[in-house]
Structures are given as structure tokens and as C-alpha cells.
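Participant: have a look; sequence and predicted model below, questions after that.
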Amino acid sequence: MYRRGRWALALGCAAIALSATAPAGATALFGGSAPSTAHASDVHPGGAVRITEAQVRKEVRPAEAKTLGRAAAERLARDRIGLRALDSDYPQTTRTLRFNKLTESQRTHNAKFDPAQFGKFTDYFSSPDFGDHVALLPTGKILLFSFESIEENPTKEPAPTQIIGKENAGRAYVWDPARGQGSDAFRAVPPPVVNMPDGKDEPRPAPVFCAGHAYLPNGMVAVFGGNLGGNGGTGAKLALVFDPWTETWHEQQDMAVGRWYPSVVTGADGRQFITSGQSEIGWGDLSMEIERFPAKGTPVSYNRADAPQGQALDQWKTDAPYMMDYPHLFSLKDGLIYGFGRNFDEQFVFDPQTETRRKLPDRPDGGMRNYGSAVALPNGSSGPDSVLILGGNRNDPNTYKFSGGRWTKDTPRAFGRTQDDTLILPDGKLFTVNGAYDIRDYGNGPYNPNADLKYRQTEQRDDKGAWRLGPVQRLPRGYHSNAVLMPDGRIMLTGDELQQIANNPDIKSGMNGTIEIYEPSYLHQGPRPQLSRIPRAPRGYASTFQVTTNTPDRVSKAVLVAPITSTHSVDTSQRRLELPIASRDGNHLVLRTPQSAKDAPPGFYMVFLLDDKGVPSTAQWVQLRPGA
């Protein structure tokens, strides 16, 4: 899934360096003159690889030829053909040794951190999925989905981005934390079998990886786009809904355009706003159309028993002119949708009522950002009105706050990182985990899993906005990494298939993903409040509901936290609101709901009770629904 363009130039340079600086035998191997007869490349006695001119012409990438010149592009093409022809297996001993070194360095480094101040990494275990896409479900389970890997060598691309046909397939699992670890804790929930319009007539589980996703008001997960295959990232028109109550997928009508790397957000009206992504003709052709699900004339589904099936989308009157994919989208308290593009001058606000777009001030960093985290900042009992842009630039530790129609530079983190994930914790603090130097680059060149270990460091922002470094995670996780706040207050880390493949102690086990668990400091600060009962019926806005606690004297605050569904450092659903305590009566608390759907779009949320130190209870779920 490596992306071309400004951020991919390092890959081309690295490959040129291979041809120019490799040992003499290797240079001759990939750079010798090609025979005139056209046949497949093969390895001959002595190790020489025979490469035809026809193969080179087919392998040359237009973007490389345009950027680096025809001769350099042909050298890169020869290198790729030659490397594929050689035995390129990756030793299990290397995977195991690296994993053991990472395990030991984590143990040694983290010994100095007091869990009551910095939290603690605990469990680390295998998963059957890479977890490139995640969604916390209102059942407490977690949906993981990605693709069937085409490569076990971590120095090669494992994703079938360039593959046409049945090997370009998606996969999905549901992890039940209540069942702990091991294969029995995971249930396969493969995407529906589809026959992609790629001319191959080879049905396969829908290739939904590199899609965008958001929650429906009934707790289901809507997934839009995916990988059609070829041309550096070609968008599928797929529109699917995952039902967490039955753990089944439901196909909708196709989108009007293909989308590979789109963004999706649920607005105050409960509908999904879908935009961006590379189109059905491939990388470099952005889908700027805005689509809406369900279509304007179709009622929004609030009932958990009402799974959409075959529903249509429609298009807005205006478009979203992003030149880079996966913009950050947020529905803020004014009911408008704010879209923060990766290019500094592609910042827009969209009005769902009038279907219009307005330009926002340019982001002050003045450049293009790689994939990196952003969050809608907590705003008391009101919906968020500010957004913080954090990751995406390895050379810039600063964070940028958009509030009141203008940008300001906010407190910096310790260092810049791309591919990071930042979570809003129940106590209102921000927590950053994961990160890398670049796409598929951990500081020692593209497709080299040996990492600059600074990116393993977590970082947390306190109530005053100051950041401090904390414990390190086991694996360095960058591209395709994810983090999820769970109802019990722990944080799940997963994703980055290249690192998971590179550090798998048993690559043939069939469990080629991993999950790591982090316990924030609030889980090491004494007894927790208890939330023992909450209404199961949906709650309306500007209303109240009663909860029961066995620890009323330890409850100082109640908060509403949205679940997380994320990929590629993009999570459009995160938000945290305080629920004012209207009254207390023994073990009963009466809580006030948000004023309107603009503050918190309709859907399922976690409710935490907090003590005066910010220690949360285990959450229970509540559904917000207009008119309930």
C-alpha cells in the first residue's frame, strides 16, 4: 500500500542506492543487459537473473519515470524484477531474535516508570488479523478487518494493493475481550463475497481494506470504499454495514465513485458524510464528490434490529476539493462538518443543511502532512468546538489548534511522528501511542523493520496541555496502526502488518496479527467507582436518566465517551462530554444528557463515572436518540 508522491520519493532513492552501492555481483545481477528474447525472468547457474526488455517496459512505473527520469525508472524496474526472482524468504530466526530483543528492551526501559503516574503495558498476544481497521462495538467486542496477506517477508509489501483478482480479498474478525486471549476469543466474520469489476470474474470476500468507516445511530458500522486493485491504489465502490448484534455484514448499493482512502463522519442528522479517496481509475485521481448515506429520502435507522440492506446513497450539490486522501472530518457543536486536509491550504467547513462548502484559514505549518492523528477537544458538557492536529510530520513536534475560526500553535510533543494515534481518555487527558518515521519506514529506510525505537514511546498530555513521555510499547507500530479505548478503561493496540510479520515468533501459526494492552495510570490509583446499572432504552437529548452506583461517595463526575473506529490515524467519532449530575439520592444519580444532536450525534456511547482523581468506573452503554 505504499504511496507515491512527495512522501514516497525516499523509496525510489533507496532503490537507486541499491543499484548504485550494492556489491559488484549484485550490481551485475540486476543491471546487466537484457536478452532480446521475451521470456519470464529466471535464475540461472551462478545466480544471474535474465530480464527482458518487455519485462522492464511493463514494470516501469510512470510516476518514477516522471520524477526520476526514464533511465532511473528502468533501473528501479530491473531491481524489482530481480529481487522477485531471487529466493527472498525471511528467516524465522531473525523474526524471533528481533521480537525477543524488543521484549527485553521494553522490560528494561519501562522498569523506571511508576504505573500510578505513567500507566503500564501488560498483555501481549496473537490475533488472527492485522487490525488495520478497528471499531469498538456497543456489545463490548471489537471488530478487526484488513486483508489476506500476499507476502510473509517484511522487506516486501504484504498488502494486495496491486493485485487484480481473487488474491485481492478482505477478511474480518470480532475479538471478545471477555474471552481473553487465544484463538477461541476471536470469531471470523468475513466480508460478503463479491465479484469485483476488475474483469477477472473471481468472486472473493470484499476487499474492504483501505476504506473509511463511521457508526450508524443504531450502533452498526458503515464501511465505504476499499481496494479494486492496481495502479497504486484504486478505489472500490463498496458500501457495507456490519451489524454488531448479529455479527453479520449487509451490502448496500454501490457508491457513485470508487474510493481508496476515503474519510467518513456521522453528522448531527445521523447520516454519513463520505468524501475523498483515490478513484476507480487509480492513485492520483481523487474522488471529490460528497456522498451521503442513507440517501436524503431514506429514513435514518435508530433501531438495533433494523439493519440497512440495499440502501442507496446520494450526492451533495457541492464537492470537497482535497488533493490528498484521508482528510480529518469532525462534526462539531454548531452542527457543521469540519474537514482538515493534509495539505495546509485544504481546510473546509461543510453545511449539511444547505449542502455548501466554505474555505477555512490555512493551517499555519504551511506544508503537507503525512498520516497522523487529530482529535476534537473536550468542551465540558457541550459538544466539541475545537480540533487539535497532532501527527503527520516527523520534523515538527508542534500541535495546531483550530478554534473560533482561527489557528494557533499549541504545546509541542517531545518529537514529531507520523502514523500515530491519539486518544481522549475518560479523565479528559490525551494519550498518544504508535508512530513512525514515514510510511513503511521506521527510521532505517523503507521496508526495513529495524526501527528507531523512539517511536515506541507513549506520550500523554495533562490538564494544562503539557506533554510528557511515558512507557514504550512492545512493537514499533506505524502505518496501519490503531489504538482503542475499551469500556474497562484499558487501551488496545494493534495494526501495522509489516511489524507484526517481522516479529512473529511463529509465522506459520495462522495468527499473524498481535494485540497489546496498556493500562493508563488511573487504573493504578486505588479503588474505582462502580456503575452498576444504566437504562437500556434509548435516551433523548436535553433530558435526564438515572444510574445506580454502589460507590456514590466516590463519584464526582460522569462523562460520555464515543467509541472509536479508526484507520490510518483517522478517527472521526471520538468525543468526550461531561454529563452534569442533576441530583443524588443514595445509590442513585440523575444525569443530564447533551442538549442536542449537534453536541453528540445520535448513536451509542460509553458512560463512565469518575472520582475526584479522574479514576473511571467500567463503562456501560447508552444510546442517544432524537425524540426518545
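Facilitator: Structure received. Numbers count the residues shown, from 1 in each chain.

Participant: next up, the contacts around residue 191.
Facilitator: 145, 170, 171, 172, 205, 206, 208, 240, 249 (C-beta atoms under 8 Å, 6 or more residues apart in numbering). From N, CA and C alone the C-beta is placed, and that goes for glycine too.

Participant: looking at it now. What's its pLDDT?
Facilitator: Model confidence at residue 191, given as pLDDT, is 98.

Participant: element containing it?
Facilitator: Under DSSP states H and E, no helix or strand contains residue 191.

Participant: if I look at it, how far off is residue 208?
Facilitator: Residue 191 sits 5 Å away from residue 208, taking C-beta to C-beta, to the nearest Å as the criterion.

Participant: then residue 362?
Facilitator: 34 Å.

Participant: which is the next helix or strand following the helix ranked longest in the chain?
Facilitator: Determined from DSSP state H, the single longest helix within the chain is helix 92-110. Going down the chain from helix 92-110, the next helix or strand is helix 115-118, by DSSP H and E.

Participant: now the next helix-or-strand element following that next one: buried residues?
Facilitator: Sequence order places strand 120-127 as the next helix or strand after helix 115-118, per DSSP H and E. By neighbour count on 16 or more other C-beta atoms under 10 Å, the buried set for strand 120-127 is 120, 121, 124, 126, 127.

Participant: parallel or antiparallel, which strands does strand 120-127 pair with?
Facilitator: Sheet pairing of strand 120-127 (DSSP bridges) gives strand 513-519 (antiparallel).

Participant: and the contacts of the helix or strand that the strand it pairs with is followed by?
Facilitator: With elements assigned by DSSP H and E, the helix or strand that comes after strand 513-519 is strand 544-548. For strand 544-548, the surrounding residues in contact (C-beta under 8 Å, 6+ apart) are 531-535, 539, 558, 582, 587-593, 607, 609, 620, 622.

Participant: now which of these would you call buried?
Facilitator: Buried among these (16+ other C-beta under 10 Å): 531, 534, 539, 558, 589, 591, 592, 593, 607, 609, 620, 622.

Participant: next, the buried residues of the longest helix of the chain.
Facilitator: 95, 98, 99, 102, 106, 110.

Participant: again with stretch 163-180
Facilitator: Buried, per 16+ other C-beta under 10 Å, within stretch 163-180: 163, 164, 166, 168, 169, 170, 171, 172, 173, 174, 175, 177.

Participant: now do the end-to-end distance for that stretch.
Facilitator: 35 Å (C-alpha to C-alpha, to the nearest Å).

Participant: contacting residues around stretch 172-186?
Facilitator: Counting by C-beta under 8 Å, 6+ apart, 123, 125-129, 137, 140-145, 187-191, 208, 242, 247, 249, 486, 488, 492, 511, 515 sit against stretch 172-186.

Participant: how's this structure carved up into domains?
Facilitator: 6-85, 544-624 (automatic domain parsing).

Participant: show me what contacts the residue lying closest to residue 269 once chain neighbours are set aside?
Facilitator: Once flanking residues are discounted, residue 269 sits nearest to residue 352: 6.0 Å by C-beta to C-beta, 6 or more residues apart in numbering. Residues in contact with residue 352, defined by C-beta under 8 Å, 6+ apart, are 267, 268, 269, 271, 273, 335, 336, 337.

Participant: for residue 274, same thing?
Facilitator: So residue 274 contacts 212, 224, 255, 259, 262, 263, 264, 290, 291, 292, 293, 313 (C-beta under 8 Å, 6+ apart).

Participant: hmm, 10 Å instead?
Facilitator: Residue 274 makes contact with 212-214, 222, 224-225, 239, 255, 257, 259, 262-265, 287, 289-293, 313, 315-316, 320, 329 under the criterion C-beta atoms under 10 Å, 6 or more residues apart in numbering.

Participant: so which helix or strand takes in it?
Facilitator: strand 272-275.

Participant: after that strand, next one along is what?
Facilitator: strand 278-279.

Participant: sheet-wise, list the partners of the next helix or strand after that following strand with their directions.
Facilitator: On the C-terminal side of strand 278-279, the closest following helix or strand by DSSP H and E is strand 282-286. With DSSP bridges as the test, strand 282-286 is paired with strand 278-279 (antiparallel).

Participant: run through the chain and note the low-pLDDT ranges.
Facilitator: 1-49, 63, 67, 82-88 (pLDDT under 70).

Participant: got the end-to-end distance for stretch 189-203?
Facilitator: 17 Å.

Participant: could I get the contacting residues of residue 339?
Facilitator: 263, 265, 273, 275-276, 290, 320, 322, 327-330, 346-350, 357, 360, 572.

Participant: try 8 Å
Facilitator: 263, 275, 320, 322, 327, 328, 329, 347, 348, 349, 350.

Participant: how many neighbours does the residue nearest to the third one when sequence neighbours are not counted have?
Facilitator: Read it as residue 320. Distances taken as C-beta to C-beta, 6+ apart place residue 275 nearest to residue 320, at 4.1 Å, with adjacent residues excluded. Residue 275 has 29 neighbouring residues, counting by other C-beta atoms under 10 Å.

Participant: partners of residue 275 in the sheet?
Facilitator: residue 263.

Participant: got a list of what it touches?
Facilitator: Counted by C-beta under 8 Å, 6+ apart, residue 275 has contacts 262-263, 287-291, 319-320, 322, 327, 329, 339.

Participant: sorry, back to before: so which of the contacts of residue 339 belong to helices?
Facilitator: Per DSSP H, the subset of the contacts of residue 339 in helices is empty.

Participant: pick the one among these closest to residue 429.
Facilitator: Closest approach between the contacts of residue 339 and residue 429, by C-beta to C-beta: residue 328, at 20.2 Å.

Participant: pretty sure the closest one contacts residue 390?
Facilitator: No - counting by C-beta atoms under 8 Å, residue 328 does not reach residue 390; the two are 10.2 Å apart.

Participant: mutual contacts of those two, please.
Facilitator: What both residue 328 and residue 390 touch, as defined by C-beta under 8 Å, 6+ apart, is the set residue 374.

Participant: which of these two has more neighbours?
Facilitator: residue 390 (28 against 25).

Participant: any idea how far that one lies from residue 371?
Facilitator: 12 Å.

Participant: do the same with residue 627
Facilitator: 38 Å.

Participant: of the two, which one has the most company?
Facilitator: Neighbour comparison, residue 627 and residue 371: the larger count goes to residue 371, with 27 against 8 (by other C-beta under 10 Å).

Participant: and the contacts of stretch 172-186, which are buried?
Facilitator: 126-129, 137, 140-145, 189, 191, 208, 242, 247, 249, 486, 492, 511, 515.

Participant: quick check: residue 326 touching residue 571?
Facilitator: No - the criterion here is C-beta under 8 Å, and residue 326 misses it with residue 571 at 11.1 Å.

Participant: for the two, indicate the residue with more neighbours.
Facilitator: Neighbour count, other C-beta under 10 Å: between residue 326 and residue 571, residue 571 has more, with 30 against 21.

Participant: the closest residue to the more buried one other than its chain neighbours: neighbour count?
Facilitator: Counting by C-beta to C-beta, 6+ apart, the nearest residue to residue 571 once its immediate chain neighbours are dropped is residue 564, at 5.5 Å. Neighbour count of residue 564, defined by other C-beta under 10 Å: 24.

Participant: isn't residue 564 up against residue 576?
Facilitator: No - applying C-beta under 8 Å, one finds residue 564 not in contact with residue 576, separated by 11.5 Å.

Participant: quick one, phi psi at the nearest residue to residue 148 once chain neighbours are set aside?
Facilitator: Of all residues beyond its chain neighbours, the one nearest residue 148 is residue 169 (4.8 Å), with distances taken as C-beta to C-beta, 6+ apart. When read as degrees, to the nearest 10, the backbone of residue 169 gives phi -130, psi 150.

Participant: what does the one 10 residues further on give?
Facilitator: Dihedral pair for residue 179: phi -90, psi 0, per degrees, to the nearest 10.

Participant: how about residue 502?
Facilitator: Dihedral angles (degrees, to the nearest 10) for residue 502: phi -70, psi -20.
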